[in-house]
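[1] Would you be able to build a 3D model of this:
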Amino acid sequence: MTGIPDDAGRVCEVNESIRLLQHRDGLTFGTDAYLLAAYVRPAPHARGIDLGSGTGIIPLLCLARDKAASFLAVEMQEVFCSIIRENAVANGFSGRLAPLCADLRDLRPADTGGEADLITANPPYLKAGSGARNRTDEKYFARHETAGDINDFCRAAGRLLRYGGRFCCVFRPERLTDLHVALRGAGLEPKRTTFVHATPFAAPSLVLTEAIRGAAPSLSVTPPLFLWEPDAACPRKPDARMIPSAQSAYIYEHCSFPEEYR
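    You can find the predicted model right below:
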């Protein structure tokens, strides 16, 4: 594949409509990316930007469900920009998804073809220097705030969004204060938040947030999302057999959240 070493990629089936080329040594997509794409409200005519796009999985999932008309996938690592381009072609979105190899900290609307209606981001969760260094730089950049922290992501979204535009991101609950401070500092008001738990007995592991540029303060906290729930045939206790919750099954099937989360 053009721009990608022959032994660099591996292909996986995300769902019935998306085949994803991923970097062999890079961070593979996970539940957080799928949930973020599902959290985006459909806007078929919207122009979207994905910050720190990696393989382009979030735009691909959104475009497959017509949640936007087009996406610009911002990624600073050239090998991933090549992968995004290949994924767009392979999935029939070459006219709607394009990579932009750039540092999001430097971007202005003139660089992205104007202000966007929608911006998505799955930013690094870990502060630079924390934890053990990953074997590859790609994984380290994906997990650690070495090439942009949450303030940089929010400032970029604030610059690139139109007034009234939406910014959707996924982050860690223990850093929710950092996220909200960064959002407001960038002129983005948090309007909808959902905490994601593995089971009803577990603390939240992810938090999804939708913010709107220039909106008035008023935050809606949705019901929590439990990915797994006890089998109805078993006692409701921590060691009960777990099955996918009705909500997570709906999300996986439709790449959209049930009505009570919108």
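[2] What ranges does the chain have for its strands?
    Assigned by DSSP state E, the chain shows strands spanning 9-13, 19-23, 47-51, 70-75, 97-101, 116-121, 161-171, 188-197, 204-213, 220-221, 225-226, 228-230, 242-244.
[3] looking at the ones you listed, which is closest to residue 86?
    strand 19-23 (5.5 Å; Cβ to Cβ). All C-beta spots, glycine's among them, are computed from the backbone N, C-alpha and C.
[4] In its sheet, which strands sit next to the closest one, and in what direction?
    strand 9-13 (antiparallel) (DSSP bridges).
[5] In this structure residue 262 contacts residue 40, no?
    No. Counting by Cβ atoms under 8 Å, residue 262 does not reach residue 40; the two are 10.6 Å apart.
[6] So which of these two has more stuff around it?
    A count of neighbours by other Cβ atoms under 10 Å puts residue 40 above the other of residue 262 and residue 40, at 24 against 13.
[7] pretty sure the more buried one is touching residue 169, no?
    No. Residue 40 lies out of contact with residue 169 (Cβ under 8 Å); the separation is 10.5 Å.
[8] Between these two, which contacts overlap?
    residue 120 (Cβ atoms under 8 Å, 6 or more residues apart in numbering).
[9] what about the closest residue to residue 98 other than its chain neighbours, neighbour count?
    Ranked by Cβ to Cβ, 6 or more residues apart in numbering and with sequence neighbours excluded, the top spatial neighbour of residue 98 is residue 72, at 5.9 Å. A count of neighbours around residue 72, defined by other Cβ under 10 Å, yields 23.
[10] Just the C-alpha atoms of stretch 43-52, please, in PDB.
    Taking C-alpha atoms only, stretch 43-52 is exported to PDB below (Å, rounded to 0.1, in the frame of the first residue of the first chain):
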ATOM      1  CA  ALA A  43     -25.900  15.700  11.200                       C
ATOM      2  CA  PRO A  44     -25.800  14.500   7.600                       C
ATOM      3  CA  HIS A  45     -24.700  17.800   6.100                       C
ATOM      4  CA  ALA A  46     -22.000  18.600   8.800                       C
ATOM      5  CA  ARG A  47     -18.400  19.100   8.000                       C
ATOM      6  CA  GLY A  48     -16.300  17.300  10.600                       C
ATOM      7  CA  ILE A  49     -12.700  17.300  11.800                       C
ATOM      8  CA  ASP A  50     -11.100  14.500  13.800                       C
ATOM      9  CA  LEU A  51      -8.100  15.600  15.900                       C
ATOM     10  CA  GLY A  52      -5.300  13.100  16.500                       C
END
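[11] residues in contact with that stretch?
    By Cβ under 8 Å, 6+ apart, stretch 43-52 touches 56, 58-59, 62, 66-76, 104, 112, 114, 116-124, 148, 153, 156-157, 160.
[12] Could you rerun that using 6 Å?
    58-59, 66, 68-74, 104, 116-121, 153, 156, 160 (Cβ atoms under 6 Å, 6 or more residues apart in numbering).
[13] pLDDT weak spots in the stretch 151-262 of the chain?
    Within the stretch 151-262 of the chain, the stretches with pLDDT under 70 are 233-239.
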